[in-house]
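Student: with the input below, show me the fold.
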Amino acid sequence: MSDILEPKSIVNKANENIELVEFDEFINNINKYETLGVGVIIKPSDDIMLLKDSLYFIELVILDFNNFDDGRGYSQAYFLSKRWGFKGEIIGINAHLDQLQFMLRSGVTSYELLEDYKGFNEEDYSNGFSICYQAAANNSGLREKY
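Tutor: Numbering: from 1, shown residues only. Presented below is the predicted three-dimensional model:
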């Protein structure tokens, strides 16, 4: 799934096949998708505020974290999960190892690493820290230290 435009469906945690649609397609055709329980592929530049009132139509969300210098995916995950109470899966794709802790703290529920990181020990990067230097909605048991 390294190409964000490639997947047409994904298997969720409940082992159900979920159809994926791109953000613009969903926004432009909400009535078409409101009863289907689709997944929405969101790019960092997409205005997720447009999804706020339609979250109950969405089964899962895919966020692209390919650009290491772009933090919008963290904000998108935070708004979806913490502010707006989205209960579906939030999947981060094209993830770098160094992003895992931040992704999980911001609301991402699962992730797929870039191919370059296949075989690496993800545990050290996702759960290997005991302190943090900034507050977050989900510090996952981390102690804040300034």
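
Student: which stretches in the chain count as helices?
Tutor: In the chain, the helices defined using DSSP state H lie at 23-28, 30-33, 72-78, 100-106, 123-127.

Student: show me the contact partners of the shortest one.
Tutor: Which is helix 30-33. 21, 26, 54, 57 (C-beta atoms under 8 Å, 6 or more residues apart in numbering). (C-beta placed from N, C-alpha, C; glycine too.)

Student: pLDDT of that helix, averaged?
Tutor: Over the span of helix 30-33, the pLDDT mean works out to 92.

Student: chain center to that helix: distance?
Tutor: Counting by C-alpha atoms, centre = their mean, to the nearest Å, helix 30-33 is centred 22 Å from the centre of its parent chain.

Student: tell me the buried residues in that helix?
Tutor: Counting neighbours by 16 or more other C-beta atoms under 10 Å, one finds that the buried residues in helix 30-33 are residue 33.

Student: heads up, I number from 13, so please use that
Tutor: Fine by me, first position is 13 from now on; the one you just mentioned is helix 42-45.

Student: residues contacting residue 58?
Tutor: In this structure, residue 58 makes contact with 35, 36, 88, judged by C-beta under 8 Å, 6+ apart.

Student: just send the residues you listed back as a markdown table, with neighbour count, distance to residue 118 and pLDDT too.
Tutor: Below are these laid out as a markdown table (neighbours: other C-beta atoms under 10 Å; distance: C-beta to C-beta, whole Å; pLDDT from 0 to 100):
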| residue | neighbour count | distance to residue 118 | pLDDT |
| --- | --- | --- | --- |
| 35 | 19 | 18 | 96 |
| 36 | 13 | 24 | 96 |
| 88 | 25 | 8 | 96 |
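
Student: take those and lay them out in CSV including distance to residue 76.
Tutor: Rendered in CSV, the data for the contacts of residue 58 read as follows (distance: C-beta to C-beta, whole Å):
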residue, distance to residue 76
35, 11
36, 14
88, 10
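
Student: nearest to residue 77 among these?
Tutor: Proximity of the contacts of residue 58 to residue 77 was ranked by C-beta to C-beta; the top entry is residue 88 with 10.1 Å.

Student: who are the contact partners of residue 85?
Tutor: In this structure, residue 85 makes contact with 56, 75, 76, 77, 104, 115, 118, 120, judged by C-beta under 8 Å, 6+ apart.

Student: appreciated, that's everything.
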